[in-house]
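Asker: Here is a sequence together with a model predicted from it:
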Amino acid sequence: MSTQKIISMLKQHPLAVACAVLAVVLLAVVALRGTTYSDSEQRYDKLVSEVDEMEVNEKNSIGLSEDVETINQLAAEIESRLMREEARADHYRYFLSLAEDSKVSLTDPSLSTFLVPGTKGGNLMTSELAQAEYRLQVKGEFKQVMDFLYRLSVGRYLTRVDGMSLTANSALGNDMVQAALTVRILASAPPKPASTKKK
């Protein structure tokens, strides 16, 4: 078949030729764009998930500065209620003032142990704070001893009663009791000793 015959055949069917050329062009475009379409779809999905995450973060951040301020105030309040190991005279004055307010007699409080953070064997351990364990002996009427315990639990220091022995003492009078207490008080950790380097 000569070139002249092919050209004359094409001229007789111009619509069919135009459709065939258009089909070839469209197939080429689809082949070239197919891979970029799937990439675009993945990028779109990733962007949508990022936008969703940003919206969630925006909702969660409402009132964040007020919450941080509240937390800082609570931390400062807790810090102010920690016992300091070096201020033992303050500890004694504190226990004596509670006894005086409750109208009980208190024998000399004794610091049995001071647990630094990370000490083994304590049943109330913290990683940041120390604990002062005191032994107290109080005598008085039952109501007065209970009042002393209440004041101790809601007092200036963060305290818990670790052990208590309560016995009646009829030699002192009716309704008189004697209590032996072991209390644990959260305390600020003592400063770490400076490390000495050998030269």
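Answerer: Good, I have the coordinates.
Asker: After the helix or strand where residue 54 lies, which helix or strand is next? Please name it.
Answerer: According to DSSP states H and E, residue 54 maps onto helix 14-60. Remark: after helix 14-60, the chain's next helix or strand is helix 64-80, criterion DSSP H and E.
Asker: gap between residue 137 and residue 86?
Answerer: Distance, residue 137 to residue 86, by C-beta to C-beta, to the nearest Å: 24 Å. C-beta here means a position set from N, CA and C on the backbone, and glycine is covered the same way.
Asker: The two - which one has more neighbours?
Answerer: A count of neighbours by other C-beta atoms under 10 Å puts residue 137 above the other of residue 137 and residue 86, at 16 against 9.
Asker: Double-check the more buried one against residue 106; I have them as touching.
Answerer: Yes: the pair residue 137 and residue 106 passes the contact test of C-beta atoms under 8 Å, sitting 7.1 Å apart.
Asker: Quick test: name the residue nearest the centre of this protein.
Answerer: The residue lying closest to the centre of the chain (C-alpha atoms, centre = their mean) is residue 71, at 10.2 Å.
Asker: circling back to that earlier point, now the helix holding residue 54, how far from the centre of its chain.
Answerer: How far helix 14-60 lies from its chain's middle: 46 Å, per C-alpha atoms, centre = their mean, to the nearest Å.
Asker: Can you list phi and psi of residue 175 for me?
Answerer: phi 60, psi 20 (degrees, to the nearest 10).
Asker: Mean confidence (pLDDT) on the helix or strand where residue 9 lies, please.
Answerer: Element membership of residue 9, judged by DSSP H and E, is helix 3-12. Helix 3-12 carries an average pLDDT of 73.
Asker: coming back round to it: compute the inter-axis angle for the helix holding residue 54 and helix 3-12.
Answerer: 60 degrees (axes from the mean of the first three to the mean of the last three C-alpha atoms, to 10 degrees).
Asker: ok, now how distant is the residue nearest to the centre of the chain from residue 64?
Answerer: 11 Å.
Asker: Work out the gap between the helix or strand where residue 145 lies and the centre of the chain.
Answerer: For residue 145, the enclosing helix or strand under DSSP H and E is helix 142-153. The gap between the average C-alpha position of helix 142-153 and the chain average comes to 32 Å, counting by C-alpha atoms, centre = their mean.
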